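1. pasting the sequence and the predicted model now:
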Amino acid sequence: MTDSERKIRSTTIVGVRRNGSVAIAGDGQVTLQTTVLKHSARKVRKIYQGKVIAGFAGSVADAQSLSDTFERQLESVSGNLTRAAVEFAKQWRTDRVLRRLEAMMIVTDGSLLYILSGDGNVVEPDDGVAAIGSGGMFASAAAKALVANTEMNAKDIALEAMRIAAEICIYTNTHVTVEVLPGNSQS
């Protein structure tokens, strides 16, 4: 069996910005082929002294390496999320080791919300909804519908979007971690 046939699939991450706060939620499932290896992986966490939330989709080792590198980039620019994201994306794309890492990230400082990828992209969604991973498009669709048709807050939308994604995507479960930051004016 080749490495591509033994692909680990995991993760749905959704970020929602609404009414002055941002929530990022992620499921806990890690799957190898047709087997669930873990139900409660933690793929969303606060970094940079609790001022930034990052959610990761991809291999655990790659995500951890990218998280550490992104946090160092945040420290080097005194927490300026935009500068850190752009510099990090450039480094990720051009560094011989980092560019081989297979993962994506959603990051927020409570005001800004970005999707970061290894091809150098830094994307700020127009509508305040960002999603990545195996069930990302399901969670995104659910979150967009909830934003448009309810008065729910960011955390509740993220949680409900994850619940809906878990009903559709076999690589997503309902063991969800969610982190929330209030908006700030330092972005």
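-> Perfect, thanks for sending it. What you are looking at is a predicted structure, and each value in this text was computed from that prediction instead of being measured. Residues are numbered from 1 along each chain as shown.
2. buried sites along stretch 57-76?
-> Residues of stretch 57-76 classed as buried: 57-60, 62-63, 66-67, 69-71, 73-74 (neighbour count, 16 or more other C-beta atoms under 10 Å). In short, each C-beta sits where N, CA and C put it, glycine included.
3. return the closest of these with respect to residue 144.
-> Residue 144 lies nearest to residue 57 out of the buried residues of stretch 57-76, by C-beta to C-beta, at 18.5 Å.
4. residue 166 belongs to a helix?
-> Yes. Applying DSSP: H, G, I helix; E, B strand; the rest coil, one finds residue 166 inside a helix.
5. what sits against it?
-> 12, 27, 135, 172-174 (C-beta atoms under 8 Å, 6 or more residues apart in numbering).
6. show me which of those residues are buried.
-> 12, 27, 135, 172-173.
7. dump those residues to TSV, plus secondary structure and pLDDT.
-> Below are these laid out as TSV (DSSP: H, G, I helix; E, B strand; the rest coil; pLDDT from 0 to 100):
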residue	secondary structure	pLDDT
12	strand	95
27	coil	96
135	coil	94
172	coil	94
173	coil	95
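8. show me where the protein has strands.
-> 8-10, 12-18, 21-26, 30-32, 35-38, 44-47, 52-58, 103-108, 113-117, 122-123, 129-133, 177-182 (DSSP state E).
9. closest to residue 148 out of those strands?
-> Proximity to residue 148 (C-beta to C-beta) singles out strand 129-133 among the strands of the chain, at 10.0 Å.
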